[in-house]
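K.L.:
requesting a structural model of the entry that follows:
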Amino acid sequence: MKHFPSSELIINDDGSIFHLHLLPEQLSDKVILVGDPGRVEMIASYFENIECDVANREFRTITGTYKGKRLTVVGTGIGTDNIDIVVNELDALSNIDLVNRTEKPEHKQLTLVRIGTSGAVQPDIRPGTYVLSEKSIGFDGVLNFYANRNAACDIEFEKAFTHHVNWHPQWCAPYVADNDPELVERIGKDDMLRGVTISANGFYGPQGRELRLPLAHPTLNDNIETFRYGRFKVTNYEMESSAIAGLSKLMGHKAVTVCCIIANRRIHDAFPNYKESVQMLVEKVLDRI
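P.N.:
Predicted structure coming up:
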């Protein structure tokens with residue numbers, strides 16, 4: 001039986017997991033992930049009751065009940081580095097005995113749905129559109145640090161993508177992870193655009209935004225726009241979905257990301273009053289998760 005030493009699995013004095021400060025009994029098996037910790041409270045305002053409200057650093061978690069469903073909503077902060085922390089700790093809360101520091105004999109599967117905001121990279125995707133990620137491309141490299149990474153990835157898609165966009169040799173190797181197909185159907189139904197989402201490892205240069213520093217690959221977004229792989233094309237940029245999809249697949253969990261498009265990078269169109277559209281998206285996910 002695998003044992004996890006204190007240096008690898010840090011547990012707080014109250015028995016909670018290190019970063020999230022959660023106890024196992026405070027976590028539902030249905031989890032909504034949001035980047036903005038402030039959005040946690042907005043989603044929890046729909047709950048009939050609240051069991052716990054826990055905050056540490058940029059992470060905030062509320063567990064409660066919505067229409068009879070027990071749900072947890074977690075504010076992850078920005079980036080796949082934070083997602084590496086959050087998904088590993090959610091899995092540990094579910095599948096590791098924190099007292100004995102051993103893996104539990106029976107695997108518990110979590111359902112993880114990320115609700116986010118995003119920028120479109122195709123000129124025909126208007127701000128206000130809901131894009132559901134069928135595949136997620138990671139520019140971040142997080143999944144490459146885990147064994148069996150290829151088992152969670154679409155290798156041929158990766159090869160085609162890196163060739164088409166003329167991937168810079170000094171960058172992390174991109175990975176392409178599928179989101180859970182059952183969740184894609186259940187959350188997306190017939191009123192969301194399905195696409196391929198890039199998770200960038202930064203907001204400015206890694207997404208092709210040029211301020212004072214010039215870009216190493218100025219035509220990257222042009223190449224991304226024209227990339228096609230069978231029926232797939234890249235639809236949008238954000239900063240978390242790839243690690244959620246890849247880590248969840250390796251750990252045996254179900255995951256999907258859905259984003260409200262708040263800007264179109266190709267036609268320089270923006271949607272400054274997007275909060276109402278995000279709230280409508282939250283309501284859809286709450287009913288469908």
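K.L.:
where along the protein do the strands fall?
P.N.:
With strands called from DSSP state E, the chain shows them at 30-34, 49-56, 59-66, 69-75, 96-97, 102-103, 111-120, 130-138, 175-178, 193-199, 234-238, 254-264, 269-270.
K.L.:
hmm, who's touching the helix or strand bottoming out on mean pLDDT in the chain?
P.N.:
None of the helices or strands of the chain scores lower by mean pLDDT, DSSP states H and E than strand 269-270, at a mean of 83. Identification of contacts with strand 269-270 by CB atoms under 8 Å, 6 or more residues apart in numbering yields 126, 127, 262, 263, 264. To be clear about C-beta, it is placed using only N, CA and C from the backbone, and glycine gets the same treatment.
K.L.:
ok, now which ones touch the third one?
P.N.:
Taking CB under 8 Å, 6+ apart as the definition of contact, the neighbours of residue 262 are 117, 118, 119, 127, 270, 271, 274.
K.L.:
run a quick neighbour tally on the nearest residue to the fourth one once chain neighbours are set aside.
P.N.:
What that stands for is residue 127. Once flanking residues are discounted, residue 127 sits nearest to residue 271: 3.2 Å by CB to CB, 6 or more residues apart in numbering. For residue 271, the count of nearby residues is 16 (other CB atoms under 10 Å).
K.L.:
separation between residue 271 and residue 102?
P.N.:
Distance of residue 271 to residue 102, given as CB to CB, to the nearest Å: 49 Å.
K.L.:
what of residue 242?
P.N.:
From residue 242 over to residue 102 (counting by CB to CB), the distance is 30 Å.
K.L.:
likewise residue 274?
P.N.:
For residue 274, the distance to residue 102 - CB to CB - is 45 Å.
K.L.:
residue 17 now?
P.N.:
Taking CB to CB, one finds residue 17 at 15 Å from residue 102.
K.L.:
who's more crowded, these two?
P.N.:
Applying other CB under 10 Å to residue 17 and residue 102 shows that residue 17 carries more neighbours, namely 24 against 13.
K.L.:
before we move on, the earlier item: check the contacts of residue 262 and tell me the two furthest apart.
P.N.:
118 and 270 (12.5 Å; CB to CB).
K.L.:
between these two, which has more neighbouring residues?
P.N.:
Between residue 118 and residue 270, counted using other CB under 10 Å, residue 118 has the larger neighbour count: 28 against 12.
K.L.:
which residues does the more buried one contact?
P.N.:
Taking CB under 8 Å, 6+ apart, one finds 131, 197, 236, 237, 238, 259, 260, 261, 262 in contact with residue 118.
K.L.:
same question, residue 115
P.N.:
So residue 115 contacts 32, 33, 34, 39, 43, 258, 259, 278, 281, 282, 285 (CB under 8 Å, 6+ apart).
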